[in-house]
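Chemist: Quick one, fold the following:
(one chain, ligands or ions: 1)
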Amino acid sequence: MPDKVKFYGLDLSYFTGKVEAFLRYREIPHERIELSTKYFRMIGRKTGHMQMPALEWPDGRWMTDSTPMIAWLDAHTPGHRVIPEYPFVKFFSLLVEDYADEWLWRPALHFRWSHQPDKDLMSYRIAVEMMHDVPLPLFLRKALIGRRQIRRYVNGDGVTPANRGHVESIYLRNLAFLENILTRRPFLLGSLPTIADFGYFASMFRHFGLDPTPARLMRDQAPNVYEWVARLWNAKSSRLMAVEPPATTIPDDWDPILKDVGQCYLPYLNANAHAYSKGQRSFDLTIEDAHYHLPVHPYRVYCLEQLQMLFESLPSDARKQVQGRLEKVGAMNPIWAQLRIKSGWDDRGRQPA
Ligand SMILES: N[C@@H](CCC(=O)N[C@@H](CS)C(=O)NCC(=O)O)C(=O)O
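Modeler: Okay, here's the model as predicted:
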């Protein structure tokens, strides 16, 4: 393991917070580098993706994409594993992680950029932090970033006055799901965090727990979630002991999440993959009576492909067990509604390097 890895990201970014919490949990020596626009372009050149966070190793290798990065670090550094070994538990932890990563993105970005106090605060922070190397007056940097984010992540991501209530309900129901679990245990599966905790952490820490409007809702409606955010941020694998044997099942209090995965997230992933396979750039979708016009995300075709591959890679006993639980929560058919649409995202299996 080389000495220190350079960790590029922003103190207010969704996926940066997720990976940073993991680096802290496993006490992986790293130097945190706050992004400027110059560094951001460099990441694009080095990794092929202009996204944060990114890791630069002393031997010149670069990594990006939070889930494969955490999976790689989990396997190659010492400490409690965050990807459970027991196949049944591994499947559901990764399913929930994927749901949390991708399905909470829209509400997180909507809360930040559609509510004026949140937008004012965050556009100011990005203007003085990441955009400090942009040679424009502060008021202009602020206006530019605010306009860009709304264009891309609110209007451009299908949020309208008609479906705004539904977008916000996705956050509120997840607060309720997590509050119910976290009144009983320190982390989602027990006394140690797993990849499912880190998946939820992305939105809960850097958006919902930080931005004024959703943070107030979290404090009022879900104090256990608020406490868990700080607990995970300060968790150290070397200091934590498992008080129970490794989980071999998924508690029933995960069912509301799994039902939402089956009812909302998987139908979305399928519609996205279907539109991608037809060469479309956008598609229409109605979820729980809310109508959306959405951009096609090639990365989320890869997410569905990964989930299908994970299911197929399970030993046959575990696959039957997983199938039973997916059927119980109404999520089995939705996983297979689109049969193996190739995303082409990582054909050479090189993620995360
Ligand atoms: N799948 C990637 C997504 C990374 C991502 O989208 N990061 C956001 C910030 S949290 C980003 O870089 N956005 C670029 C932009 O807004 O231009 C991961 O899990 O790391």
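
Chemist: what number of residues lie near Ala337?
Modeler: Counted with other Cβ atoms under 10 Å, residues neighbouring Ala337 total 14. Placement of C-beta: from N, CA and C, glycine included.

Chemist: Now do the contacts for it.
Modeler: 266-267, 270 (Cβ atoms under 8 Å, 6 or more residues apart in numbering).

Chemist: Arg41 too?
Modeler: Per Cβ under 8 Å, 6+ apart, neighbours of Arg41: Met50.

Chemist: do you know how far it is from Lys6?
Modeler: Arg41 is 16 Å from Lys6, where distance means Cβ to Cβ, to the nearest Å.

Chemist: for Leu109, same thing?
Modeler: According to Cβ to Cβ, Leu109 and Lys6 sit 27 Å apart.

Chemist: One more: Trp105?
Modeler: 26 Å.

Chemist: So these two - more neighbours on which side?
Modeler: Trp105 (20 against 15).

Chemist: Contact residues of the chain facing the ligand?
Modeler: Neighbours of the ligand within the chain, by Cβ under 6 Å from any ligand atom: 13-15, 51-52, 65-67, 299.

Chemist: Restricted to helices, list these.
Modeler: Counted as lying in helices by DSSP state H, out of these, are 14-15, 66-67, 299.

Chemist: Are any of those buried, and if so which?
Modeler: When neighbours are counted using 16 or more other Cβ atoms under 10 Å, these contain these buried positions: 14-15, 66-67.

Chemist: Dump stretch 68-88 to PDB, restricted to CA.
Modeler: This file holds the C-alpha atoms of stretch 68-88, laid out as PDB (Å, rounded to 0.1, in the frame of the first residue of the first chain):
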ATOM      1  CA  PRO A  68     -16.100   0.500  -7.500                       C
ATOM      2  CA  MET A  69     -13.500   2.600  -5.700                       C
ATOM      3  CA  ILE A  70     -14.900   1.600  -2.300                       C
ATOM      4  CA  ALA A  71     -15.100  -2.000  -3.500                       C
ATOM      5  CA  TRP A  72     -11.500  -2.000  -4.500                       C
ATOM      6  CA  LEU A  73     -10.300  -0.300  -1.300                       C
ATOM      7  CA  ASP A  74     -12.500  -2.600   0.800                       C
ATOM      8  CA  ALA A  75     -10.700  -5.600  -0.700                       C
ATOM      9  CA  HIS A  76      -7.200  -4.200  -0.700                       C
ATOM     10  CA  THR A  77      -6.900  -2.400   2.700                       C
ATOM     11  CA  PRO A  78      -7.100  -3.800   6.200                       C
ATOM     12  CA  GLY A  79     -10.200  -3.300   8.400                       C
ATOM     13  CA  HIS A  80     -13.800  -4.600   8.800                       C
ATOM     14  CA  ARG A  81     -15.200  -5.300   5.300                       C
ATOM     15  CA  VAL A  82     -18.000  -3.000   4.300                       C
ATOM     16  CA  ILE A  83     -19.200  -5.300   1.500                       C
ATOM     17  CA  PRO A  84     -20.700  -8.300   3.400                       C
ATOM     18  CA  GLU A  85     -19.400 -11.700   2.400                       C
ATOM     19  CA  TYR A  86     -22.600 -13.700   2.900                       C
ATOM     20  CA  PRO A  87     -24.100 -13.600  -0.600                       C
ATOM     21  CA  PHE A  88     -27.700 -12.900   0.400                       C
END
